[in-house]
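Asks: I'll drop the sequence and a predicted model, then ask my questions.
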Amino acid sequence: MFFEKKVECMDRKELEQVQLARLKKTVQHVYQHVPFYKERLDSVGLTPESITSLTDLQKIPFTTKADIRDTYPYGLFAKPLKKIARIHASSGTTGKPTVVGYTKNDLDMWATIVARLIVAAGGSEDDIAQVAFGYGLFTGAFGLHQGLEKLGATVVPMSSGNTEKQIMVMKDFGSTILVGTPSYALHMSEVAKEMGVKKGDLKLRLGLFGAEGHTEEMRRELEERWGILATENYGMSEIIGPGVSGECKHKKGMHINEDHFIPEIINPETGEVLPLGEKGELVLTTITKEGFPILRYRTKDITWLMPETCACGRTMMRMAKVQGRSDDMMIIKGVNVFPSQIEGVLLGMAHVGPHYQIILRRKGFTDNIEVLVELFDGSLLEKFSELEKLEKSIRHKLHTVLGLDAKVKLVEPKTIERSMGKAKRVIDLRDEK
Ligand code: DLL
């Protein structure tokens with residue numbers, strides 16, 4: 001079942017030696033080839049020779065998304081463009097995208113680590129994998145595609161959208177793996193139902209979901225609707241794309257490919273490195289990339305690390321499900337709220353579906369939160385007293401979990417916009433007049 005057992009089950013001492021050697025090489029490489037890093041390291045009096053242990057990493061300044069934007073488009077590339085075989089970019093909603101480049105070696109390494117996560121989740125060369133991520137500058141589709149090919153699986157590069165066709169293909173081609181965002185996979189399941197396609201008509205057995213978070217309740221929903229094992233994987237374009245980490249079939253945290261990326265957890269406010277196991281912001285350093293190496297990248301994702309060897313035998317450290325982003329954390333009346341907390345409440349309740357949207361408004365100096373929740377069954381809208389009861393009970397549960405009052409509005413089935421990629425859960429109208 002293992003793909004690279006020798007590496008994935010490496011003894012920690014041995015792994016740390018590998019990490020240190022690779023870290024030194026990476027610091028040397030960026031110091032020589034990227035003026036930005038030379039300046040940054042010089043500014044704190046570091047040279048590549050100053051890195052003699054893994055804890056020396058903590059002396060290196062952080063790199064942020066703003067640094068990548070400020071050096072747009074190629075300022076942080078560490079190889080000349082003629083050595084760059086592929087370019088990807090993040091799907092930023094505002095401003096310029098963050099651009100990243102891969103050499104041929106980087107692409108090969110990327111395929112290998114994605115193949116690892118697919119095998120860990122239970123995929124094999126016998127699988128037919130339907131990729132329902134959007135192909136393009138986004139790293140999701142190409143990343144999983146290459147990993148699947150490396151493994152020897154059969155790839156169906158559907159891209160996202162065209163949902164009815166997706167279902168037809170899934171049925172006719174006998175797809176066994178579905179690759180996409182959890183929110184799109186959920187939408188696909190609704191369309192399958194409308195088309196009269198049942199679990200028994202499909203060969204689907206495994207979901208490889210990522211690019212956005214989902215709660216355990218949402219995972220159960222996906223497993224139940226499709227009759228699959230739903231696994232999660234994680235990554236970001238700035239580091240490599242998918243392949244940073246992924247769950248094995250035990251679904252107890254995502255194994256980080258630590259022979260390529262060094263994880264740290266910091267206090268997002270102070271930047272201080274936290275002890276292993278504490279919750280904070282994930283910071284990642286790439287130690288094998290050539291085209292776009294990055295030192296201590298602040299991911300903004302909140303999680304914690306689990307160093308114990310997993311039941312699967314892998315020694316590579318696991319990270320917990322992302323609890324939210326330090327920048328998508330909403331502060332409402334002084335209370336920190338993550339969309340995942342709201343999702344957790346809704347998915348545990350009868351009559352309401354997994355589709356919801358959070359609307360933030362400001363009245364005077366007070367922030368208000370409204371949660372639109374989609375009903376499974378529209379006929380409930382005619383039964384005023386039941387509707388009122390349901391609204392009240394959602395409000396009550398939200399109050400218990402969040403510690404604040406949220407307005408709840410129940411809406412008709414299929415009125416909340418479906419996403420084909422990452423779902424847009426929060427609409428922040430606070431800065432608008
Ligand atoms: O979303 C890379 C990816 C593609 C990962 C496909 C897995 C599968 P970006 O578009 O650069 O890259 O977005 C990165 O997405 O910082 C997280 O906030 C979020 N994210 C990615 N995976 C997860 C996950 C890809 N499993 C940003 N859980 C990251 C929660 C996730 N958030």
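Replies: It's in.
Asks: And the next helix or strand past the helix or strand that contains residue 367?
Replies: Secondary structure assigned from DSSP states H and E places residue 367 in strand 366-375. For strand 366-375, the following helix or strand on the C-terminal side (DSSP H and E) is helix 384-402.
Asks: For residue 229, give me its contacts.
Replies: By CB atoms under 8 Å, 6 or more residues apart in numbering, the residues touching residue 229 are 121-122, 205-207, 223, 249. Every residue, glycine included, has its C-beta placed from N, CA and C.
Asks: For it, grab phi and psi.
Replies: In terms of degrees, to the nearest 10, the main-chain angles of residue 229 are phi -90, psi 120.
Asks: And the pLDDT at it?
Replies: We note a pLDDT of 98 for residue 229 in this prediction.
Asks: Repeat that for residue 333.
Replies: Looking at residue 333, its pLDDT is 76.
Asks: The ligand versus that one, what's the distance?
Replies: Distance, residue 333 to the ligand, by CB to the nearest ligand atom, to the nearest Å: 25 Å.
Asks: OK, contacts around that residue?
Replies: Residue 333 makes contact with 366-367, 404, according to CB under 8 Å, 6+ apart.
Asks: how close does the nearest residue to residue 357 once chain neighbours are set aside get to residue 426?
Replies: Excluding the flanking residues, the one nearest residue 357 by CB to CB, 6 or more residues apart in numbering is residue 372, at 4.6 Å. Going from residue 372 to residue 426 by CB to CB, to the nearest Å gives 11 Å.
Asks: Could you list the low-confidence segments of this structure?
Replies: 91-95, 432-433 (pLDDT under 70).
Asks: go again using 80 as the cut-off
Replies: Applying pLDDT under 80 to the chain flags the ranges 1, 91-96, 327-328, 333-334, 364-366, 431-433.
Asks: What residues does it have near the ligand?
Replies: Proximity of the chain to the ligand is confined to 90-91, 138-140, 210-213, 232-237, 241-242, 299, 301, 322, 325 under the rule CB under 6 Å from any ligand atom.
Asks: Let's see that with 8 Å instead.
Replies: The chain comes close to the ligand at residues 90-91, 98, 133, 138-140, 143-144, 181, 208-214, 232-238, 241-244, 254, 299-301, 321-322, 325, 328, 422, as judged by CB under 8 Å from any ligand atom.
Asks: Could you tell me which of those residues are located in strands?
Replies: Members of the residues of the chain next to the ligand lying in strands (criterion: DSSP state E): 208-210, 232-236, 241-244, 254, 299-301, 325.
Asks: Just give me the longest helix of the chain.
Replies: helix 12-33 (DSSP state H).
Asks: tell me which residues of that one are tucked away?
Replies: For helix 12-33, a neighbour-count test (16 or more other CB atoms under 10 Å) marks 15, 18-20, 22-24, 26-27, 29-31 as buried.
Asks: what's it in contact with?
Replies: Identification of contacts with helix 12-33 by CB under 8 Å, 6+ apart yields 10, 37-38, 41, 47-48, 51, 53-54, 57, 60, 78-79, 258-259, 262, 285-290, 293, 295, 315-316.
Asks: Buried ones only from those, please, as a ChimeraX command.
Replies: One line in ChimeraX is enough to select the buried members of those, burial here meaning 16+ other CB under 10 Å:
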select :10,37,41,48,51,57,60,78,79,258,259,262,285,286,287,288,289,290,293,295,315,316
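Asks: Which of the contacts of helix 12-33 fall within strands?
Replies: 262, 285-286.
Asks: Go through these and name the one nearest residue 175.
Replies: Residue 175 lies nearest to residue 286 out of the ones in strands among the contacts of helix 12-33, by CB to CB, at 32.4 Å.
Asks: Tell me if I'm right that the closest one and residue 241 touch.
Replies: No: counting by CB atoms under 8 Å, residue 286 does not reach residue 241; the two are 11.8 Å apart.
Asks: Which residue is most remote from the mean position of the chain?
Replies: Centroid-distance maximum for the chain: residue 385 at 40.1 Å, with CA atoms, centre = their mean.
Asks: Check the gap between that one and the ligand for me.
Replies: Residue 385 is 39 Å from the ligand, by CB to the nearest ligand atom.
Asks: try residue 329
Replies: Separation of residue 329 from the ligand (CB to the nearest ligand atom): 12 Å.
Asks: and that residue, what is it in contact with?
Replies: By CB under 8 Å, 6+ apart, the contact set of residue 329 is 302, 336-338.
Asks: List only buried entries from the residues you listed.
Replies: Neighbour-count burial (16+ other CB under 10 Å) applied to these gives 302, 337-338.
Asks: of the residues you listed, closest to residue 228?
Replies: Minimum distance to residue 228 across these is 26.4 Å, recorded for residue 338 (CB to CB).
Asks: Would you confirm that that closest one contacts residue 328?
Replies: Yes: using CB under 8 Å, residue 338 is in contact with residue 328, at 7.2 Å.
Asks: what's downstream of the helix or strand hosting residue 113, the next helix or strand?
Replies: Here residue 113, judged by DSSP H and E, is contained in helix 104-121. Using DSSP H and E, the helix or strand that follows helix 104-121 in sequence is strand 128-131.
Asks: which other residues reach that next one?
Replies: 123, 141, 144-145, 148, 153-159, 166, 169-170, 173-180, 203, 208.
Asks: Any of those buried? List them.
Replies: Applying 16+ other CB under 10 Å to the contacts of strand 128-131 flags 123, 141, 144-145, 148, 153-158, 166, 169-170, 175-180, 208 as buried.
Asks: Mind checking which of the residues you listed land in strands?
Replies: Among the buried ones among the contacts of strand 128-131, the members falling in strands (DSSP E) are 154-156, 177-180, 208.
Asks: so which two of those are the farthest from each other?
Replies: Counting by CB to CB, the most remote pair of these is 154 and 180, 16.9 Å apart.
Asks: about what we covered before: using a markdown table, please lay out the buried residues of helix 12-33 together with distance to residue 417.
Replies: Shown next, in a markdown table, are the buried residues of helix 12-33 (distance: CB to CB, whole Å):
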| residue | distance to residue 417 |
| --- | --- |
| 15 | 44 |
| 18 | 46 |
| 19 | 43 |
| 20 | 48 |
| 22 | 44 |
| 23 | 44 |
| 24 | 49 |
| 26 | 42 |
| 27 | 45 |
| 29 | 44 |
| 30 | 42 |
| 31 | 47 |
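Asks: re earlier: any common contacting residues for residue 372 and residue 426?
Replies: 357-359.
Asks: Keep only those of these that are in strands.
Replies: Short answer: the shared contacts of residue 372 and residue 426 in strands (DSSP E) are 357-359.
Asks: I'd like to know which of these is nearest to the ligand.
Replies: residue 358 (16.5 Å; CB to the nearest ligand atom).
Asks: looking at it, the closest one is touching residue 371, isn't it?
Replies: Yes: applying CB under 8 Å as the test, residue 358 and residue 371 come out as touching, 5.6 Å apart.
Asks: With that, I have no additional questions.
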